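Engineer: got a structure for you, letters missing:
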């Protein structure tokens with residue numbers, strides 16, 4: 001038997017989340033509260049980083065043999081000149097230079113174990129870039145955006161809070177210690193306008209007079225969307241058994257959402273707690 005007694009609004013809770021971060025969880029009534037995705041909930045009264053090669057010029061040392069120009073001494077001088085001309089050490093020093101360079105590279109005692117990762121963040125929301133590294137002594141960090149050092153960004157992480165389009169770019173971090181420095185991989189931060197919202201709710205279980213309300217007595221739900229001016233933007237009818245609704249292409253501004261339940265006799269419940277989402 002169906003009664004026409006109105007549903008109680010106190011047990012009819014609703015959650016509004018952004019399209020990327022939506023999740024189902026119970027929500028207690030309060031004057032206002034804020035989720036990590038910056039969805040604002042309000043209970044307003046109305047909808048609202050060479051060595052030098054030294055060559056010795058030994059070819060001139062055979063000039064002393066020119067004073068004795070008689071018989072076959074010139075052949076002795078010639079052999080002496082040949083011997084001395086082979087004393088150059090260019091090849092040996094170039095090998096030494098390569099070994100020195102390799103030794104210098106190994107000497108930097110820093111190993112990045114976790115590289116910064118590219119991020120997508122919606123306008124006015126928070127995202128964090130992270131790096132992990134090991135090495136001797138104390139490690140220092142300097143984050144950069146598009147190759148330019150960011151002031152005061154000297155921790156192993158970098159927060160972008162309340163992101164704007166100006167925060168979009170290529171980020172990396174220089175990790176250094178007493179042995180030298182290493183540059184991390186680059187990470188792309190992309191900022192976008194999130195024009196979506198997901199609405200979740202729990203069905204009411206009692207009527208206004210305290211009597212039980214069975215799920216089979218609910219025929220559907222109706223969502224109301226209004227704006228700052230108080231004008232009704234849209235209504236959405238949702239069938240019974242469905243406890244979420246997805247919104248997209250929301251225009252810039254603040255949108256307010258509330259929902260009612262309708263029983264099999266057509267009686268509509270009180271409005272649920274009021275949700276809001278601001279599109280920047």
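Structural biologist: On my side now, so go ahead. All figures in this text were calculated on a predicted structure; none of them were measured in a lab.
Engineer: partners of the strand or helix carrying residue 175, with directions?
Structural biologist: Using DSSP states H and E, residue 175 sits in strand 169-177. Partner strands for strand 169-177, per DSSP bridges, with pairing direction: strand 140-145 (antiparallel), strand 180-183 (antiparallel), strand 187-192 (antiparallel).
Engineer: okay, the ones you listed, which one's buried deepest?
Structural biologist: Neighbour counts (mean count of other C-beta atoms under 10 Å) averaged over each of these peak at strand 140-145, with a mean of 18. C-beta coordinates here come from the backbone N, C-alpha and C atoms, glycine included.
Engineer: C-terminal to it, which secondary structure element comes first?
Structural biologist: strand 148-149.
Engineer: For that following strand, which outside residues touch it?
Structural biologist: Residues from elsewhere that reach strand 148-149 (C-beta atoms under 8 Å, 6 or more residues apart in numbering): 142-143.
Engineer: picking up where we left off before, and of the strands paired with strand 169-177, who's closest to residue 123?
Structural biologist: Comparing the strands paired with strand 169-177 against residue 123 with C-beta to C-beta, the closest turns out to be strand 187-192 (6.2 Å).
Engineer: Residues touching that closest one, excluding its own?
Structural biologist: 115-123, 127, 129, 160, 163-165, 167-172.
Engineer: I only care about these that end up buried; give me the PyMOL line for that.
Structural biologist: Only the buried entries of those go into this PyMOL selection, using 16 or more other C-beta atoms under 10 Å:
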select buried, resi 116+119+121+122+123+127+129+160+163+167+168+169+171+172
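Engineer: For residue 175, give me its contacts.
Structural biologist: Contacts of residue 175 by C-beta under 8 Å, 6+ apart are 110, 112, 131, 133, 135, 139-141, 181-184.
Engineer: Over to the nearest residue to it once chain neighbours are set aside: give its phi and psi.
Structural biologist: Once flanking residues are discounted, residue 175 sits nearest to residue 133: 4.7 Å by C-beta to C-beta, 6 or more residues apart in numbering. Per-residue torsions, residue 133: phi -150, psi 150 (degrees, to the nearest 10).
Engineer: partners of residue 133 in the sheet?
Structural biologist: Beta-bridge pairing of residue 133 under DSSP bridges involves residue 112.
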